[in-house]
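In: coords below, sequence missing:
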Ligand SMILES: Nc1nc2c(ncn2[C@@H]2O[C@H](COP(=O)(O)OP(=O)(O)O)[C@@H](O)[C@H]2O)c(=O)[nH]1
Ligand SMILES: [Mg+2]
C-alpha cells in the first residue's frame, strides 16, 4: 500500500460487540481519504478472549498484538502506522467517527496534535461518573500548574497527531497514563496542541477496563515522574 493519508489506531480488549460497528462506521467517514486501520489487541492476560480479532480482520483492519496495557498498545500502533495523520480512538463506540473530521482538520490547519476535550463548549460526556470528573479535574489542575499548560481535559483518548510529533515525544507509558504523558511531553517538546470539543458517548457494550483508583494512581505517577 502506498502511504495512506490517515492511520487510525484502536486498542482493544474484549470488544467483540463494538468493534465491527465502529469499523463499519469509520469506513464510511474516512472513505474520502486513503486510510489504514490498525487494531492493537490484548492485555496483561493475553489476547482478547472473545471474537474481537476475528471481527476486526473481517472488517479489513490490520491486527497487531500487545500484552502490556492500553498505552503500550497505542505506542505499538503508532510505531507501525504509515499515515501522514495518525488518529487514536477507543473501540467501545464512545468516540463518534464523525468527529474524526475535526481532528483531521486541526492537523491540516497546522497543529501538531489535536486532543479531544469533553470540557470545552461543544464537548461533554455521558460515560463519566462524578468521581471520575473530579479525578480528571484534579489531574488537569496539577498538570497545568506544574507544566504551565492550559488543558481542560486530561484522560481522553480521541486524538490526532503528525508523525513528527509522535517521534519527538518518545512515549513510554504502558497503561492509562498514556494520555497524560502525551499532554506533558507535547508541552516539553514545544508542540502546537489544539483542543477540540468531543462528546463521549456511553460505552455500547461490555465493561470499561479502567479502574479508577489503580489507574488514578498510575496517572499521578505519570504527572510527578515527568517533572525532571
Ligand atoms: N490493547 C489493549 N486495549 C485496552 C486495554 N485496556 C483497555 N483497552 C482499550 O482501550 C479503550 C478504552 O478503554 P475503556 O476500558 O473503555 O476505558 P474507559 O473508557 O476509560 O473506561 C477500549 O478500546 C479498550 O478496549 C489493554 O490492556 N490493552
Ligand atoms: Mg470507554
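Out: That came through, no problem. Keep in mind it's a predicted model, so treat the numbers as computed, not measured. Ligands and ions are numbered 1, 2, ... in the order given.

In: residues of the helix or strand encompassing residue 27 that come out buried?
Out: Of the helices and strands defined by DSSP states H and E, residue 27 is found in helix 19-29. In terms of neighbour count (16 or more other C-beta atoms under 10 Å), helix 19-29 has its buried residues at 19-23, 26, 29. All C-beta atoms are positioned from the backbone trio N, CA, C, and that covers glycine.

In: what do you get for stretch 120-139?
Out: Here stretch 120-139 shows 123-125, 127-128, 132, 135-136, 139 as buried, counting by 16+ other C-beta under 10 Å.

In: what distance separates the helix holding residue 27 from the centre of its chain?
Out: Distance, stretch centre to chain centre, for helix 19-29: 16 Å (C-alpha atoms, centre = their mean, to the nearest Å).

In: swap in stretch 68-86?
Out: From the chain centre to the centre of stretch 68-86 is a distance of 9 Å (C-alpha atoms, centre = their mean).

In: Quick check: mean pLDDT of that stretch?
Out: Stretch 68-86 carries an average pLDDT of 98.

In: do it and ligand 1 meet?
Out: Yes - contact of stretch 68-86 with ligand 1 (C-beta under 6 Å from any ligand atom) involves 69-70, 73.

In: so how far does stretch 202-213 reach from one end to the other?
Out: End-to-end distance for stretch 202-213: 20 Å, by C-alpha to C-alpha, to the nearest Å.

In: can you check stretch 205-219 too?
Out: Across stretch 205-219, first to last residue, C-alpha to C-alpha, it's 25 Å.

In: and if you look at stretch 122-132?
Out: With C-alpha to C-alpha as the measure, stretch 122-132 spans 20 Å from end to end.

In: For this structure, which residues are neighbours of ligand 1?
Out: Those residues of the chain that sit near ligand 1, judged by C-beta under 6 Å from any ligand atom, are 11-13, 15, 40-43, 66, 69-70, 73, 90-92, 94, 203, 208-210.

In: I'd like to know which of those residues are buried.
Out: 11-13, 15, 40-43, 66, 69-70, 73, 90-92, 94, 203, 209.

In: Okay, and which of the residues you listed map to strands?
Out: Using DSSP state E, 11-12, 40-41 are the members of these that sit in strands.

In: Closest one of the residues you listed to ligand 1?
Out: Ligand 1 has its nearest neighbour among those in residue 11, at 3.4 Å by C-beta to the nearest ligand atom.

In: Let me see the contact set for that closest one.
Out: Going by C-beta atoms under 8 Å, 6 or more residues apart in numbering, residue 11 touches 39-41, 66, 70, 73-74, 77, 90-91.

In: Residue 162 too?
Out: Applying C-beta under 8 Å, 6+ apart to residue 162 gives the contacts 84-86, 107, 112-113.
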